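Student: got a predicted structure here, sequence first:
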2 protein chains.
Amino acid sequence: MRTEKAPNPARRSERSRQAILTAALDLVIEVGYRKLTMEAIAGKAGVGKQTIYRWWPSKGAVVLDAILALSQGDTGDSTLPDTGDVEADLKLVLRASLEEMGDRRFDVLYRAVITEIQYDPALTEEMGRRLLGPMLELSKDRLRAAQRAGQIAENADLDVAVELIYGSVYYRWLLGTGPLTAEYADRVVDWALNGLRPRPAG
Amino acid sequence: MRTEKAPNPARRSERSRQAILTAALDLVIEVGYRKLTMEAIAGKAGVGKQTIYRWWPSKGAVVLDAILALSQGDTGDSTLPDTGDVEADLKLVLRASLEEMGDRRFDVLYRAVITEIQYDPALTEEMGRRLLGPMLELSKDRLRAAQRAGQIAENADLDVAVELIYGSVYYRWLLGTGPLTAEYADRVVDWALNGLRPRPAG
């Protein structure tokens, strides 16, 4: 009984961690990333600044975790949909990515981290390992299944394939060269897949 | 005679403009974009801060002009190479873009502007109009010539095509998901073009 009533350090830690991520998310929306400070996050989360620095080296690292918490809350998926139709599945996934980018919270956090990694190689590595790498791997897994099903050429370069697809969308999103509509996502999948399909023999 | 010896306001303006761009470029390399200030640019260029503000609203806008000056110094081209072989030409162009991104001055300036446009819609518009739009148009012109030559399908979606190609490269460059080698540029062109070629009839 006693153990249940006593403060549980692990649970308290988890509560602080959540409070910090929520505070960071709220503040980024409220004041913008550039005016975000560790002091303000600590103040809003009701923890000491040292508590934040114990877990995160920089505000960029806090924001990366806030993104991951937001994304995992939405999906938590560890595979992409596989209805047997690779074209339909990729369109579904890419449309969902665009919708996520259209969510103001996600948009602001994600742009913030991407600006941050331009100046922070350790955060670039972390973002690749925890966010982008897994995302690209999931897509490659789905393309591998399509290869086994004969919908994609056996020799297709899957590393390039996933960057053709996500690259187009991120380019438009980060550089503002055009609207990020569902229809655009479909066209990207159409033309990228077009080059990946098996060639008729002969 | 008198007019030749008198100070020429247009020439003096141009000299100040060049001095400001050179100072911005040098300082970005020296102290990094985040520590760059209008004061420091003015000091190094030997002009008053008001002179800079007369032409540019922000340090991001100065840096955009510094990039344009750097790029135009290199090429000044208004069309892409057209040897008749669209695959070879696109590979040449994309390899050249990667080399430019590998130039430390260009890399630092370009990343700086891209971080800046995440927070500055006016600069996004200007960068689209003066840098990205013309670059994409040149590539579309080259693809249109390839359509006329029967190397690319008549119904190919050229807006998507150029973003597949540049998007992949910018994705890797900005997000650090892999090395930007000439061999990677070639693979991107190979797989993007593969989907754009005319289909055999029947």
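Tutor: Cool, the structure landed. Small disclaimer: the values here were computed from a predicted structure and weren't measured.

Student: and the residue of chain A that's closest to chain B?
Tutor: A:Gly195 (2.8 Å; Cβ to the nearest Cβ). (Each C-beta comes from the backbone N, C-alpha and C, glycine too.)

Student: hmm, B:Val188 and that residue touching each other?
Tutor: No: if you go by Cβ atoms under 8 Å, A:Gly195 and B:Val188 don't touch, sitting 10.8 Å apart.

Student: so the residue of chain A closest to chain B is in which element?
Tutor: According to DSSP states H and E, A:Gly195 maps onto helix A:182-196.

Student: quick one, that helix and helix B:182-196 angle?
Tutor: Put simply, helix A:182-196 runs at 100 degrees to helix B:182-196, going by axes from the mean of the first three to the mean of the last three Cα atoms, to 10 degrees.

Student: and the nearest residue to A:Thr83 once chain neighbours are set aside, its phi and psi?
Tutor: Sequence neighbours aside, A:Asp89 is the residue nearest to A:Thr83 in space, at 5.8 Å (criterion: Cβ to Cβ, 6 or more residues apart in numbering or on different chains). Backbone torsions for A:Asp89, taken as degrees, to the nearest 10, come to phi -70, psi -40.

Student: and the pLDDT for the residue nearest to the spatial centre of chain A?
Tutor: Among the residues of chain A, the one closest to the centroid is A:Leu131, at 5.1 Å (Cα atoms, centre = their mean). Per-residue pLDDT puts A:Leu131 at 95.

Student: where does it land in three-state SS?
Tutor: Three-state call for A:Leu131 (DSSP: H, G, I helix; E, B strand; the rest coil): helix.

Student: which segments of chain A make up each domain?
Tutor: If you go by automatic domain parsing, the domain ranges for chain A are A:2-55, A:79-196.

Student: tell me which of these is the most buried.
Tutor: Mean neighbour count, computed with mean count of other Cβ atoms under 10 Å in any protein chain shown, is highest for domain A:79-196 among those, reaching a mean of 18.

Student: do me a favour and get the end-to-end distance for that domain?
Tutor: The straight-line separation of the ends of domain A:79-196 (Cα to Cα, to the nearest Å) is 21 Å.

Student: how far off centre is that domain?
Tutor: Relative to its chain's centre, domain A:79-196 lies at 10 Å (Cα atoms, centre = their mean, to the nearest Å).

Student: cool, stretch A:181-197 as well?
Tutor: The answer for stretch A:181-197 is 21 Å, by Cα atoms, centre = their mean.

Student: which residues touch it?
Tutor: For stretch A:181-197, the surrounding residues in contact (Cβ atoms under 8 Å, 6 or more residues apart in numbering or on different chains) are A:86-87, A:90-91, A:94-95, A:97-98, A:143, A:151-153, A:156, A:161, A:164-165, A:168-169, A:172, A:178, B:156-157, B:160-161, B:163-164, B:191-196.

Student: helices - which of the residues you listed land there?
Tutor: Cross-referencing these against helices under DSSP state H gives A:86-87, A:90-91, A:94-95, A:97-98, A:143, A:161, A:164-165, A:168-169, A:172, B:160-161, B:163-164, B:191-196.

Student: for the helix holding A:Gly195, what is the average pLDDT?
Tutor: Taken as a whole, helix A:182-196 carries a mean pLDDT of 97.

Student: same thing with stretch A:27-35?
Tutor: Averaged over stretch A:27-35, pLDDT sits at 92.

Student: do me a favour and get the end-to-end distance for that stretch?
Tutor: Start-to-end, stretch A:27-35 (Cα to Cα) is 9 Å.

Student: that stretch and chain B in contact?
Tutor: Yes: Stretch A:27-35 is in contact with chain B by Cβ under 8 Å from any Cβ of the partner chain, via A:32, A:34.

Student: which elements pack onto the longest helix belonging to chain A?
Tutor: If you go by DSSP H, chain A has its longest helix at helix A:9-31. Helix A:9-31 sits against helix A:38-45, helix A:49-55, helix A:59-74, helix A:104-117, with contacts defined as 3 or more Cβ pairs under 8 Å, 6 or more residues apart in numbering or on different chains; DSSP states H and E.

Student: and the contacts of it?
Tutor: For helix A:9-31, the surrounding residues in contact (Cβ under 8 Å, 6+ apart) are A:36, A:40-42, A:44-47, A:51-52, A:55, A:59, A:62-63, A:65-66, A:69-70, A:104-105, A:108-109, A:112.

Student: stretch A:49-62 too?
Tutor: With Cβ under 8 Å, 6+ apart, stretch A:49-62 has contacts from A:16-17, A:20-21, A:24, A:33, A:36-39, A:41-42, A:45, A:65, A:112-113, A:116-117, A:120, A:122-123, A:126.

Student: now do the contacts for A:Val169.
Tutor: Neighbours of A:Val169 in contact, by Cβ under 8 Å, 6+ apart: A:94, A:97-98, A:101, A:180, A:184-185, A:188, B:167.

Student: dump the residues you listed into CSV; add distance to B:Ser78 as well.
Tutor: As requested, the contacts of A:Val169 are exported to CSV (distance: Cβ to Cβ, whole Å):
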residue, distance to B:Ser78
A:Leu94, 34
A:Ser97, 36
A:Leu98, 34
A:Met101, 34
A:Leu180, 30
A:Tyr184, 28
A:Ala185, 32
A:Val188, 28
B:Gly167, 23
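
Student: looking at the residues you listed, which is nearest B:Gln147?
Tutor: Checking the contacts of A:Val169 against B:Gln147 with Cβ to Cβ, the nearest one is A:Val188 at 19.4 Å.

Student: fine by me, we can end here.
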